[in-house]
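*Asks:* Okay, predicted coordinates and the sequence, questions at the end:
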Amino acid sequence: MITQSFLSDADNQNPPVLNQGISQTQPNREPPKHLLIGSAKAVTSTIHRLQVIGYADVGDWSQLLPTANPDEVMSILNRPIVVR
């Protein structure tokens, strides 16, 4: 089990809220979810790379969550977008 989040060193004063109801409160927005699954090193590296290219901040992702597979974790990004 992962006991320490990779986000512990990030300035994370506004943690992400994984909210199913966001499209109900903002009708022109939909919340697609991005899911990264792999080793802790691969997931963390990908999250940092996505920040470098300006796609999503490290603090926007959930903490690393264990999966049913040994040595595998996942992290979720819930990123509302405007739908036209």
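*Replies:* In hand now; what should we look at?
*Asks:* going forward, measure contacts between C-alpha atoms and count neighbours the same way
*Replies:* Will do.
*Asks:* So, low pLDDT: which residues of the chain?
*Replies:* Applying pLDDT under 70 to the chain flags residues 1-27.
*Asks:* just the strands in it please.
*Replies:* For the chain, the strands defined by DSSP state E cover 29-30, 33-38, 65-66, 73-78, 81-82.
*Asks:* so what does the third one touch, helix or strand wise?
*Replies:* Strand 65-66 is packed against strand 73-78, with contacts defined by 3 or more Cα pairs under 8 Å, 6 or more residues apart in numbering; DSSP states H and E.
*Asks:* Just the CA atoms of the strand it packs on, as PDB, please.
*Replies:* C-alpha atoms of strand 73-78 as PDB (Å, rounded to 0.1, in the frame of the first residue of the first chain):
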ATOM      1  CA  VAL A  73      -0.700   2.500  -8.900                       C
ATOM      2  CA  MET A  74      -3.100   4.900 -10.500                       C
ATOM      3  CA  SER A  75      -3.700   8.700 -10.400                       C
ATOM      4  CA  ILE A  76      -6.800  10.500 -11.600                       C
ATOM      5  CA  LEU A  77      -7.100  14.000 -13.200                       C
ATOM      6  CA  ASN A  78     -10.700  15.400 -13.400                       C
END
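*Asks:* Thank you kindly, that will do.
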